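A.B. asks: Sequence and predicted model, in that order:
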Amino acid sequence: MKRPEAVHLLAGAAITAIAAALWPGAAGAGPPATAPVAGATTPAAEAVFPVTVASGDGSVTIPARPVRILCLSASATQMLYALGAGPQVVGVDEYSTWPANAPRTKFTGAETSAEDYLPLRPDLVIVAFRSGSVIQQLQKLDIPALLLAPATTFANVDSQLAELAAATGHRAAVSTVEATIKTDITAALDKAGNAGRGQTYYIEVDPTYYTATSKTFIGSEFSLFGMRDIADPAGRLSTYPQISAEYILKANPDYVFLADTVCCQQEPVSFARRPGFNALRAVRLRHVIGVNDSVASQWGPHTIETFVALLAGTLRP
């Protein structure tokens, strides 16, 4: 299994209707609306601090514009660089593979002692999940810690972009980033047309058949194209349920996406060799696609744009 961030952790009227339903504002002329951020004012007040922003465990006050940010969330790393806050970042976790020039460390975000981070002298730490009492330890050291929990919707992405922009002094960049994502998604939907509507899929998180339902962020990306997740009936207790080979054979999905190509070296050929899988519709139609593991666990601009483009190029009527 991958770490918590990985498994806990949008050609016409029809396309705009899908985008509008799943990402409010996507069908209009302007970028999607962002959730209000405490302390947010106008672009002219971009660098006004202190600022208070929402965090996953309560509000966080950032006394001054941070210049030594430690980011332990690969998705937040993408957002920071998209917003123009890259020069303020002094360290990112080992899962932050984009952009390539981000200062990667060996940190995983699962450290149990805040002292591990002190050599970098951070003035803001961004995390994707709670790890023991590290957030409380950082607070005692007067180092603001911002928890951005896994996004499950595009509205969550908008909110986190706004929070990071306010926290780092880049509020004016939010609308540009959102507009870019919207443009890329609209182009992908236009390219795919109705090819994905009603098509079923299975997204594999690891080869023991952990998967993701449509209630996850990756699921919301598939839903943009009108696709149906075979795992939804199994997702009553978890949005990342473990199913079985028999379950997949019975569901017989139209498409399979392998998001375990990095961690577990899975690929379409090895998937097709599993007992009985050569009879699957996705295998017979050559609709088994290997993708980078990050698509199942990250919701940053780069991952979103890359994955929706892949879907648009993959789907067939």
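C.D. replies: Looks like it arrived, so ask away. All values reported here derive from a predicted model rather than from experimental measurement. Numbers count the residues shown, from 1 in each chain.
A.B. asks: Quick check: the gap between residue 112 and residue 134.
C.D. replies: Going from residue 112 to residue 134 by CB to CB, to the nearest Å gives 7 Å. C-betas here are computed from N, CA, C, even on glycine.
A.B. asks: can you check residue 254 too?
C.D. replies: According to CB to CB, residue 254 stands 43 Å off from residue 134.
A.B. asks: again with residue 171
C.D. replies: Taking CB to CB, one finds residue 171 at 28 Å from residue 134.
A.B. asks: more crowded one of those two?
C.D. replies: Taking other CB atoms under 10 Å, residue 171 and residue 134 do not tie; residue 171 has more neighbours (26 against 22).
A.B. asks: which non-adjacent residue is nearest that one?
C.D. replies: Nearest non-adjacent residue to residue 171, counting by CB to CB, 6 or more residues apart in numbering: residue 165, 4.8 Å away.
A.B. asks: The one you found should be in a helix, yeah?
C.D. replies: Yes - counting by DSSP: H, G, I helix; E, B strand; the rest coil, residue 165 falls inside a helix.
A.B. asks: Quick one: neighbours of it, just the number.
C.D. replies: Residue 165 has 27 nearby residues by other CB under 10 Å.
A.B. asks: wait, isn't it in contact with residue 174?
C.D. replies: Yes - taking contacts as CB atoms under 8 Å, residue 165 lies within contact range of residue 174: 4.7 Å.
A.B. asks: Find the residues that touch each one of the two.
C.D. replies: residue 83 (CB atoms under 8 Å, 6 or more residues apart in numbering).
A.B. asks: and residue 194, how many neighbours?
C.D. replies: Residue 194, neighbours per other CB under 10 Å, totals 17.
A.B. asks: roughly how far apart are it and residue 55?
C.D. replies: Distance from residue 194 to residue 55, by CB to CB: 40 Å.
A.B. asks: Quickly list the domain ranges of this structure.
C.D. replies: 36-177, 194-314 (automatic domain parsing).
A.B. asks: Turn those into a markdown table, including distance to residue 184 and mean pLDDT.
C.D. replies: Below are the domains of the chain laid out as a markdown table (distance: least, CB to CB, whole Å; pLDDT from 0 to 100):
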| stretch | distance to residue 184 | mean pLDDT |
| --- | --- | --- |
| domain 36-177 | 11 | 91 |
| domain 194-314 | 4 | 97 |
